[in-house]
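> From the sequence below, what's the structure:
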Amino acid sequence: MNPFILAAAEIPLLSDIVVIFGLATLVILLFMRLKLPTIIGYLLTGAIAGPYGLSLVDASTAVEVLSEIGVILLLFVIGMEFSLKSLMAIKKAVFIGGSLQVLLTIGATTLITYSFGYEWNKAVFFGFLFALSSTAIVLKLLQETGQVNSISGRTTLAILIFQDIIIVPLVLLTPMLAGESDNIFLSLTYMVLKGGLVIVLTILSAKYLIPQLLYRVAKSKNEELFLLSIIVTCFAVAYVTSLLGLSLGLGAFLAGLIISESEYSHHATGKILPFREIFLSFFFVSVGMLFDLSFLLDNILIILALVALTFVVKFLITSLAVKSIGSDFKGAFIVGLSIFQVGEFSLLLAKEGLEYELLDPITYQYFLAISILTMVMTPFILKQREQLAYRVLNIPLPKKIKARFGEKTAVHTTKIETDELGDHLVIIGFGLNGRNLARAAKRANISYAIIEMNPETVRVESAKGEPIMYGDAANPVVLEHVNIHKARVAVIAISNHEATRGIITNIRAITQNAFIIVRTRYVNEIEAMLRLGADEVIPEEFETSIEIFTRVLNKYLVPKGEIDDFTHDVRYHNYEVFRSLQGDSGSTIALDIPEINFAGIKIEKDHGAFIGKPIKEINLREKVGINLVAIKRDGKTKTDIDGDTKIKLGDIVYVVARPEALEKFEEDVSIS
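Predicted coordinates:
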């Protein structure tokens, strides 16, 4: 028999991989065309290929193993992008916010389930299942949108980390709920001691061991060895934590934290990402394989009602937990809208429940349906979470409650003399653009007030005397505090599209007099902003393109006056010139691009026709067509060049010439 056919027959996983990747490719192509989240495509692939679909995949256990590797690599990459210092900065969110979220969810779910007629031990177990959220899905989506390091992203990550930690005692408590009375308290004590040991080892490894190891590996300049050392570190730490009874995912996250303390973390991330994407796809496919579409259709109304109940309960409890650690309502709602789903570790815990008869097969199918539907909802909700948070904030309420609600949103307010604000400038967002604007306003003696959502920025700038207050500018109470109705100009200098829309709407609800200038990312957002009430919209995409093109023209030595005329012409014709760049869109400027270059060339030889001899003798201009402008030697630039000046080894010479002359000169003075 052909050895290749024999190998395929002996490795059933090989055919499953072909089926999964082949089917996934077709589904993902379709989903990308429809602009739907790819995660849902992987779930659908699993549903089609799984036992409740077309039964195309046999080795479901092997697929689950590969999916576990995907989760490990995901948490490993998240850990590398984080750091021990940043983790310590959110320890309050991890231990207080996380514990509140888990305990309150367990309590609420227990009461609801008990009221449905379940025994108390089964009701508590349901609390365990619904307390956990999907680390894999949420972190992947946050990473794709670049929001892991935002305030709400870090808080979300903190609670997910606590959930990964708490899974261990939940697993230990499950046999006790089933009536098997082991010495659970002794087991928990051992777990705490083992957890402390892991943390100590993590800190020591991050500070002393791994940086030295990676330094020696990087010094070898062997990329294969570097990749191998990174993967070994990831799985070794994950394996050690699993031996100690902790989760593999937690170990992978700690391994990432260890590497994040070295200067090689970014290079390591680039190496791991392709592997992570491959294995993580198996995770989503394996979850989809659990989906029984016929059971869903037979019980659709009950399941949808339970999904809605899960969403509401988890959203409210998570928002309450996050609010209790000092967040504003908007931030709390955003986190609540991020981790409302049931998680992958809940699916693992549910299998334990089946073994101990805490779940019967029918209840297990209901739980799977709820879990997978909430996972399917997650990409859509997460994409709109800020807009949904604003809608919750703007729910019509009686004025007294609204005022009280708004005051709570403004956690910290720097004292701004409201009576003195009139005909002033309101700056919303104190990033780079906001700071530059405030500096210009101060120099021009224009009175201004700043609204900023970062409490640390507010604290630091307030100490410097800036008229800044903490608050969400989408809240009318905050806007009224800076006398928005008396302002001449309001500048929205934040990059969040949905937040900007809400701010414009609220300003226009209060006043029609303020001139609103908006910073936005893309040209295609201009029309929507203007419709909402903005007077002028400045797109970063367009202004950045002009800045890039201006610098390119500078490098081509186009006169400054011609560049200024061109950029004015671009803006005047409403961006059409820059989009087409064909000269037929109304542009009246013809650019004259000189056929000469300005370059700096390093002298790498100590001898040659042009080296070590006076300039007046070598005739650079006549022989090569080179005009010498300046020489940089020993860190100093010399521009007063005379006939006796000599070019020496190590000099950087700045010259103007045609491209072919520069190339010839560089060949003469450089080591080829």
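> what number of residues lie near residue 639?
8 (other C-beta atoms under 10 Å). Heads up, the C-betas are built off the backbone N, CA and C, glycines and all.
> Residue 328 too?
Residue 328: 23 neighbours (other C-beta under 10 Å).
> thought it was touching residue 472?
Yes. Counting by C-beta atoms under 8 Å, residue 328 touches residue 472, with 6.4 Å between them.
> domains for the chain, by residue range?
For the chain, the structural domains run 3-389, 404-520, 597-669, going by automatic domain parsing.
> What is the burial count for residue 535?
14.
> just to revisit the earlier point, who wins for proximity to residue 560 among the domains of the chain?
domain 597-669 (14.3 Å; C-beta to C-beta).
> Find me the pLDDT at residue 672, would you?
Here, the pLDDT recorded for residue 672 equals 58.
> Which strand or helix spans the residue lying closest to residue 643 once chain neighbours are set aside?
Closest residue to residue 643 apart from its sequence neighbours, by C-beta to C-beta, 6 or more residues apart in numbering: residue 616 at 3.3 Å. Using DSSP states H and E, residue 616 sits in helix 615-618.
> Touching that helix from outside, list them.
609-610, 628, 641-647 (C-beta atoms under 8 Å, 6 or more residues apart in numbering).
> just stretch 264-278 next, same as before
Under C-beta under 8 Å, 6+ apart, the answer for stretch 264-278 is 70, 73-74, 76-77, 80-81, 214, 218, 223, 226-227, 230-231, 234, 259.
> buried subset of those residues?
Listed as buried from the contacts of stretch 264-278 are 70, 73-74, 76-77, 80-81, 214, 218, 226-227, 230-231, 234, 259; burial here means 16 or more other C-beta atoms under 10 Å.
> follow-up on the earlier one: so which of the domains of the chain comes closest to residue 395?
Per C-beta to C-beta, nearest to residue 395 of the domains of the chain: domain 404-520, 9.3 Å.
> quick check: mean pLDDT across the closest one?
Per-residue pLDDT over domain 404-520 has a mean of 79.
> and if you look at stretch 306-313?
95.
> buried ones in that stretch?
Buried, per 16+ other C-beta under 10 Å, within stretch 306-313: 306-307, 310-311, 313.
> From those residues, which land in helices?
306-307, 310-311, 313 (DSSP state H).
> after the longest helix seen in the chain comes which helix or strand?
Criterion DSSP H: the longest helix present in the chain is helix 151-177. Helices and strands here follow DSSP H and E; after helix 151-177, the next one along the chain is helix 184-204.
> Output the contacting helices and strands for that following helix.
helix 151-177, helix 223-243, helix 248-260 (3 or more C-beta pairs under 8 Å, 6 or more residues apart in numbering; DSSP states H and E).
> okay if I get those helices as JSON lines plus mean pLDDT?
As requested, those are exported to JSON lines (pLDDT from 0 to 100):
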{"stretch": "helix 151-177", "mean pLDDT": "80"}
{"stretch": "helix 223-243", "mean pLDDT": "85"}
{"stretch": "helix 248-260", "mean pLDDT": "79"}
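> who wins for proximity to residue 370 among those helices?
The nearest among those, by C-beta to C-beta, is helix 151-177 at 17.3 Å.
> ok and the closest one relative to helix 223-243, angle-wise?
40 degrees (axes from the mean of the first three to the mean of the last three C-alpha atoms, to 10 degrees).
> Name the residues of helix 151-177 that come out as buried.
Buried, per 16+ other C-beta under 10 Å, within helix 151-177: 151-177.
> Please apply the same query to stretch 105-116.
Quick answer for stretch 105-116 (16+ other C-beta under 10 Å): 105-106, 108-110, 112-114.
> quick check: mean pLDDT across that stretch?
Mean predicted lDDT for stretch 105-116 stands at 93.
> contacting residues around it?
120, 122-124, 126-131, 309, 313-314, 317-318.
> before we move on, back to that, possible to save the buried residues of stretch 105-116 as CSV with secondary structure and distance to residue 491?
Putting the buried residues of stretch 105-116 into CSV (DSSP: H, G, I helix; E, B strand; the rest coil; distance: C-beta to C-beta, whole Å) gives the following:
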residue, secondary structure, distance to residue 491
105, helix, 42
106, helix, 46
108, helix, 44
109, helix, 46
110, helix, 50
112, helix, 48
113, helix, 51
114, helix, 54
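> Pick out whichever of the residues you listed sits closest to residue 338.
residue 105 (14.4 Å).
> For residue 448, find the nearest of the helices and strands packed on helix 184-204.
Nearest to residue 448 among the helices and strands packed on helix 184-204 is helix 151-177; the distance by C-beta to C-beta comes to 24.4 Å.
> so what secondary structure elements neighbour the closest one?
By 3+ C-beta pairs under 8 Å, 6+ apart, helix 151-177 packs against helix 98-115, helix 120-131, helix 135-144, helix 184-204, helix 248-260, helix 300-323, helix 329-336, helix 344-355.
> go with 6 Å
When contacts are defined as 3 or more C-beta pairs under 6 Å, 6 or more residues apart in numbering; DSSP states H and E, helix 151-177 packs onto helix 98-115, helix 120-131, helix 184-204, helix 329-336.
> Contacts for the second one, please.
The contact list for helix 120-131, computed with C-beta atoms under 6 Å, 6 or more residues apart in numbering, reads 102, 105-106, 109-110, 113-114, 170, 177, 346, 349-350, 353, 358.
> ok, residue 63 to residue 551 distance?
51 Å (C-beta to C-beta, to the nearest Å).
> With neighbour numbers in mind, choose between the two.
residue 63 (23 against 11).
> Helix, strand, or coil at that one?
helix (DSSP: H, G, I helix; E, B strand; the rest coil).
> Could you do residue 450 as well?
Going by three-state DSSP: residue 450 is strand.
> for it, what are its contacts?
427, 430, 468.
> now residue 217
Applying C-beta under 6 Å, 6+ apart, the residues near residue 217 are 225-226, 229.
> Grab the nearest non-local neighbour of residue 486.
residue 422 (4.6 Å).
> Got phi/psi on the one you found?
Dihedral pair for residue 422: phi -170, psi 140, per degrees, to the nearest 10.
> what's the farthest-apart pair in the contacts of helix 615-618?
Farthest pair in the contacts of helix 615-618, by C-beta to C-beta: 609 and 642, 19.9 Å.
> Which one of the two is surrounded by more residues?
Higher neighbour count among residue 609 and residue 642: residue 609, with 12 against 8, using other C-beta under 10 Å.
> and that one, helix, strand or coil?
Counting by three-state DSSP, the backbone at residue 609 sits in coil.
> mind checking how far it is from residue 301?
For residue 609, the distance to residue 301 - C-beta to C-beta - is 90 Å.
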